[in-house]
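have a look at this fold, sequence not included:
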């Protein structure tokens, strides 16, 4: 069984971002693999360790530095990587439908049994790409996966939904998007990152696979309002008064 | 103390006095809850002048005073022994200026270390020392104890970075040693007496501190080694790294036991009892990872490194959570010593042959030869029974190795009775004379250090 894992390179969630009028300032900022994509890679590696899949291919769309996220995926245990190169801003100009179309082309070219992805990226929070890809391929999908079991070509996925947990089952091939509680990715080891250098990495310019339509335009980016301090009140009467007059709750 | 309440009201104002026993409780007690003071009054002055007036009054009336910063001492240095007046610096928390040309910050001594760093971050600078208590410890306390911490292997001691001090002497006299000159060879450097004096010679109220640039990049490696010799061999290589930021050691015996206390924290390895773990931080401009890969792989294949900020924090958390986790495992006797780095394991084996007896483990700033040796007892009684014998043994071993009985934690109440043995009669004599010179009535932090 062959798995395609799509990974996105995003601003490191551990650092403070600077907001500019045209978007987040990416100049000199530390970037890393999207946390949900990393969870997808880790899950693929675990499935391979259980001998349920034979080959893991990691793919990313982005500029030259995107190869670092692929190398990270290779160090975690992916076998091959595909780098679809573009200089467009990956946090703004590379949008879900275009990504899904490109991934669909690769899926059809290489014949995968399963596509694993993060449920959403932490820069745009779209949560659309996996679903759109399944639609384009006419494949079943299971999103927000917190548990994945595969046996005899059947995938059984526990999904985290608002009401609790939902279990779905479908015949592969299919698309599964990964949520936080699916697993905790391992640290990359130095020997593995060195081995990653000799694993195959294919580079394809984006124009060969598709086009960026920029159908969604970002018109404004602003930082959230600064939180005002709370207050300790003396008794319930004062609390009610503040809720009514200041918070205007009723 | 009751008879003086009105006088203190005049000097500091009622808003700067704490008399409620409930509010005094945390000030009377150290964070490890080893020491319990009986102070009935704490004052929280808001200016150097107020501190001066308080001390002058206390000196005249023979009132003993305990200066208190963040109260994060490991040795009971910041809490009252009896019912001394607590003089808390917490309200003197203004950062006065940062000179961007000289990278010198001037601040009052009640500023919390983390607050200093938050302020300096905008200028891309940071404090040159760092320790786990950064969210609570204050500038004055750090200086008064010559705090050690994680950056000594890279930056050297805190002393190097104090250019000037303002100190209020026990008499109330304000000694102005503030100075923003990097170089000043004009005779005896008096401020050195106060750095590390643990609040026994004067109260620090302001300081000029030389800051260091925030490293552009930080990379953390976590390594697993088979035996202690491999650790020392690694230390020798690491000391050659110009960009070495930290070198911290933890026994597998500790980390393995810490696993249940950090259930959500990503572990770099499946920690094993018989393995040895080292955290190496590299920091600087343009870190060439390949350079470090090549050199570290010569020591072991078991090396992981962080791919992002949260992994970096996770690896540090394993190291920094050791002291608090040990405390959760039982009643802890902890020893902070300087001994030759290659003798750490040998040392542990001398205290309890074959490492038998109560659970004992060591970790620490191996890069500076600073070992934190801990013994965990299941009951307080067991601890009290063993304490004397074990301590005598540890002090003797340390002395035989020409080490220090307190690398970074200071003396406080805990190690006072070892001072003469450690320093020798003559040196100790001079220290006592200096104390008499500055504090003839012995009002400042009595029964501590000397």
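Structure's in. What do you need? The shown structure was predicted, so the numbers you read here are calculated from the model rather than taken from an experiment. Numbers count the residues shown, from 1 in each chain, chains lettered A, B, ... in the order given.

quick check, the residue in chain A closest to chain B?
Using CB to the nearest CB, the closest approach of chain A to chain B is made by residue A:14 at 2.6 Å. C-betas here are computed from N, CA, C, even on glycine.

so where do the helices sit in the stretch 101-250 of chain B?
B:113-121, B:139-144, B:152-155, B:191-194, B:228-238 (DSSP state H, counting those that start in this stretch).

in terms of mean pLDDT, which of those ranks lowest?
Mean pLDDT is lowest for helix B:152-155 among those, at a mean of 91.

okay, residue A:49 and residue A:186: tell me how far apart.
11 Å (CB to CB, to the nearest Å).

secondary structure element for the nearest residue to residue A:133 once chain neighbours are set aside?
Leaving aside its chain neighbours, residue A:133 sits nearest to residue A:100 (4.2 Å; criterion: CB to CB, 6 or more residues apart in numbering or on different chains). If you go by DSSP states H and E, residue A:100 is part of helix A:96-110.

tell me the angle the helix or strand following that helix makes with helix A:96-110.
With elements assigned by DSSP H and E, the helix or strand that comes after helix A:96-110 is strand A:114-118. Orientation of strand A:114-118 against helix A:96-110 (axes from the mean of the first three to the mean of the last three CA atoms, to 10 degrees) gives an angle of 150 degrees.

what does chain A put close to chain B?
Chain A comes close to chain B at residues A:12-15, A:30, A:32-33, A:72, A:184-185, A:187-191, A:193-194, as judged by CB under 8 Å from any CB of the partner chain.

and residue 141, how many residues sit next to it?
No chain in the question, so chain A it is. Neighbourhood size, residue A:141 [other CB atoms under 10 Å in any protein chain shown]: 19.

oops, wrong one, chain B.
28.

look up how far chain A lies from the residue nearest to it when sequence neighbours are not counted.
Distances taken as CB to CB, 6+ apart place residue B:69 nearest to residue B:141, at 3.0 Å, with adjacent residues excluded. Distance, residue B:69 to chain A, using CB to the nearest CB, to the nearest Å: 25 Å.

dump the residue contacts of the residue lying closest to residue B:275 once chain neighbours are set aside.
In space, residue B:275 comes closest to residue B:252 once its chain neighbours are excluded; the distance is 3.9 Å by CB to CB, 6+ apart. Taking CB atoms under 8 Å, 6 or more residues apart in numbering or on different chains, we find residue B:252 in contact with B:224, B:271, B:272, B:273, B:274, B:275, B:276, B:277.

now with 7 Å?
Neighbouring residues of residue B:252 by CB atoms under 7 Å, 6 or more residues apart in numbering or on different chains: B:271, B:272, B:273, B:274, B:275, B:276, B:277.

among the residues you listed, who's most crowded?
Result: residue B:277 is most packed of these (other CB under 10 Å), 25 neighbours.

on the three-state scheme, that residue is what?
For residue B:277, the assignment made with DSSP: H, G, I helix; E, B strand; the rest coil gives strand.

which one's the longest strand in chain A?
strand A:141-151 (DSSP state E).

ok so, going back, the more surrounded of residue A:49 and residue A:186?
Using other CB under 10 Å, the more surrounded residue of residue A:49 and residue A:186 is residue A:186, with 19 against 10.

contacts only, for that one.
Counting by CB under 7 Å, 6+ apart, residue A:186 makes contact with A:42, A:76.

now do the same for it: its pLDDT.
With respect to pLDDT, residue A:186 scores 96.

now residue A:179
pLDDT, read off for residue A:179, is 97.

go ahead and flag the most central residue of the chain.
Picked chain A for this. In chain A, the centroid-proximal residue (CA atoms, centre = their mean) is residue A:118; its distance is 3.2 Å.

right idea, wrong chain: chain B
residue B:147 (4.1 Å).

quick one: that one and residue B:131 touch, right?
Yes. With contact defined as CB atoms under 7 Å, residue B:147 and residue B:131 form a contacting pair (5.9 Å).

give me the nearest residue to the residue of chain A closest to chain B, chain neighbours excluded.
residue B:309 (2.6 Å).

wait, what's in contact with that neighbour?
Counted by CB under 7 Å, 6+ apart, residue B:309 has contacts A:12, A:14, A:15, A:30.

between all of these, which two are separated the most?
Using CB to CB, the two most remote members of those are A:14 and A:30, lying 8.1 Å apart.

nearest spatial neighbour of residue 243, chain-adjacent residues omitted?
Assuming you mean chain A. Counting by CB to CB, 6+ apart, the residue nearest residue A:243 is residue A:249, at 4.8 Å.

wait, chain B
residue B:284 (3.9 Å).

again with residue B:190
Once flanking residues are discounted, residue B:190 sits nearest to residue B:177: 5.9 Å by CB to CB, 6+ apart.

what's around the one you found, how many residues?
As a measure of burial, residue B:177 has 21 neighbours, counting by other CB under 10 Å.

give me the element residue B:336 is part of.
strand B:331-338.

what are the boundaries of the strands in chain A?
In chain A, the strands defined using DSSP E lie at A:2-6, A:9-11, A:19-20, A:23-24, A:31-33, A:55-62, A:80-85, A:114-118, A:141-151, A:154-161, A:164-171, A:174-178, A:188-189, A:201-205.

get me the contact residues on chain B for chain A.
B:266, B:268, B:293, B:296-297, B:301, B:303-305, B:307-311, B:313 (CB under 7 Å from any CB of the partner chain).

mind doing that once more with 8 Å?
Within reach of chain A by CB under 8 Å from any CB, chain B has these residues: B:221-222, B:266, B:268, B:293, B:296-297, B:301-313.
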